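J.: When you get a sec, could you give me coordinates for this:
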Amino acid sequence: MSLSPFVPFRLTVCGIDELPAHAAAGVTHLVSILDPAREPLSAFDAYGPHDRVDLRFHDIVEELPDQVAPVAQHLDNVLAFGRHLSATARSGDHLLVHCHMGISRSTAAMALILAQARPDLDAARTLAEVVRIRPQAWPNMRMLEIGGDMLGRRAELLEALREVYARRAAGQAQWLRFLQENNRSREVAHMG
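T.: As a prediction, this is how the structure comes out:
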């Protein structure tokens, strides 16, 4: 959990295995992103009352057979949830965004929520805040492309993403190999 200078509510990004540890953290708003075939999670049974949006799509950046890619409707749901939270936020509110590992889909969703909430701040600062909250962040490029189009900030977000990728990839040959073997070489190439 992190207090943020960006928004008047606490922020958390995590993976599925970390969800039980946040049950007592006072989460009031939750974005849950899971693979389409994943069984519903029981971790939320231990959470107090909260508003939640449940999304189902794969962590991919290209259209692939038998997989559900992130599309505009998914990102519209994320942004609508973020708009509602920003408009109604009260002291003590706490947003948690999770995906399978808390690395790609969740950090992209958090970046879009913050970019929408603070259009006055440049995308580099927004993505730096996401990395501060979740140091292992590798935001899903396709999500930032689609959501960036919706916000009118695509070019700015993708330029800032280049730096995040370059820093995260430094000395991580195994990580880069994993991305290339899993149809995400476009993200690797984006580092320039």
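J.: Give me the contact list for the helix or strand hosting residue 31.
T.: Assigned by DSSP states H and E, residue 31 belongs to strand 29-34. With contacts defined as Cβ atoms under 8 Å, 6 or more residues apart in numbering, strand 29-34 is touched by 9, 16, 41, 44, 47, 50-57, 78, 81, 85, 93-100, 105-106, 109, 113. Glycine gets a C-beta too; all of them are placed from N, C-alpha and C.
J.: swap the cut-off to 7 Å and go again
T.: Contacts with strand 29-34, where a contact means Cβ atoms under 7 Å, 6 or more residues apart in numbering, come from 50-56, 78, 81, 85, 93, 95-99, 105-106, 109.
J.: all helices of the chain, in order?
T.: Applying DSSP state H to the chain gives helices spanning 72-88, 105-117, 123-133, 141-151, 154-169, 173-181, 185-190.
J.: okay, these in a markdown table with distance to residue 37 next?
T.: Below are the helices of the chain laid out as a markdown table (distance: least, Cβ to Cβ, whole Å):
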| stretch | distance to residue 37 |
| --- | --- |
| helix 72-88 | 16 |
| helix 105-117 | 15 |
| helix 123-133 | 27 |
| helix 141-151 | 20 |
| helix 154-169 | 28 |
| helix 173-181 | 21 |
| helix 185-190 | 24 |
